[in-house]
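*Asks:* Build the 3D model from these lines:
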Amino acid sequence: MLSPESLYNASITEGDITKPASIDPHELRLLTYSRPHDTCDGIELHLGNQAKGYPFSCLGQQWEYVEFLYLCGEWSWDGDDALAIQRDVLTAKSGYAARRFKKARYKKKIRPDFTSFRHQWMLWCVWQKCLGSKAYRDHLLSMPDDRVIVEVVRHDPVWAAWPDENGIYHGANGMGKILTICRRCLLKGTQPKFDSDLLNAAGIYILGHRIEF
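*Replies:* Down below sits the predicted model:
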């Protein structure tokens, strides 16, 4: 018989990534993380986009952090100015530095439509990391089946969740759902069901090349 956690994880779909959720740790056993390299109940969780040690190849480029690839999507139109920003992002010393300093520098130039496709873009980026890094793939697969992955960050109801006074986590927990979907696909030998129409319509250019999904 499947555990409540396994049933919960199996029920998550790509369409659920954006949906607000309430997760009660009294009903479900959780794996929570807040930092790129964290632990929960003695289990190492190197799941965050800024976790180092999992370089991967994608689009003919070596990416030290999936954060770099995701951030490049924020300035992903066809043009020399976007290309220059993306190349500057890749000079950051870490995923944290890219988000903290590079994003701040170019914040006013972020694509105005980025929020319309960012969830599918994040899913695609994390999946590329799974495909391109055996070490990361093995790490994600090592997560126990009877736990629900939750990223815990205050004031981030999109990608994470935060506990209320009763300990119940509220927020979309988008990253937790994406990691769960990717792990499930790795176990089944399938791939996530990307919204290819949405991503293709966005016209995403990375390092001068348009991606076809």
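*Asks:* how much space is there between A82 and C72?
*Replies:* 9 Å (C-beta to C-beta, to the nearest Å). In short, each C-beta sits where N, CA and C put it, glycine included.
*Asks:* And these two? Which one has more around it.
*Replies:* Neighbour count, other C-beta atoms under 10 Å: between A82 and C72, C72 has more, with 27 against 21.
*Asks:* was I right about the more buried one contacting D88?
*Replies:* No. Assessed by C-beta atoms under 8 Å, C72 is found out of contact with D88, at 10.2 Å.
*Asks:* okay, now the closest residue to N173 other than its chain neighbours: neighbour count?
*Replies:* Computed as C-beta to C-beta, 6 or more residues apart in numbering, the closest residue to N173 that is not its neighbour in sequence is A161, at 4.4 Å. By the criterion of other C-beta under 10 Å, A161 has 27 neighbours.
*Asks:* A161 against G176, yeah?
*Replies:* Yes. If you go by C-beta under 8 Å, A161 and G176 touch, sitting 7.4 Å apart.
*Asks:* Quickly list what's touching both of these two.
*Replies:* Contact criterion C-beta atoms under 8 Å, 6 or more residues apart in numbering; residues shared by A161 and G176: V150, E151.
*Asks:* Check which helices and strands the helix ranked longest in the chain sits against.
*Replies:* Ranked by residue count under DSSP state H, the longest helix found in the chain is helix 114-132. For helix 114-132, the packing partners by 3 or more C-beta pairs under 8 Å, 6 or more residues apart in numbering; DSSP states H and E come out as strand 56-58, helix 66-72, helix 134-141, helix 174-188, helix 196-202.
*Asks:* out of these, which comes closest to L47?
*Replies:* Between L47 and the helices and strands packed on helix 114-132, the shortest gap by C-beta to C-beta is with helix 174-188, which sits at 5.8 Å.
*Asks:* Give me the distance from the closest one to the chain's centre.
*Replies:* Mean-position distance between helix 174-188 and its chain equals 10 Å (C-alpha atoms, centre = their mean, to the nearest Å).
*Asks:* what does stretch 105-125 give?
*Replies:* The answer for stretch 105-125 is 12 Å, by C-alpha atoms, centre = their mean.
*Asks:* start to end distance for it?
*Replies:* Stretch 105-125 has an end-to-end distance of 22 Å (C-alpha to C-alpha, to the nearest Å).
*Asks:* which residues are contacting it?
*Replies:* 14, 17-18, 66, 69-70, 73-77, 81, 85, 88, 103, 159, 174-175, 178, 181-182, 192, 194-195, 198-199, 202, 204, 213.
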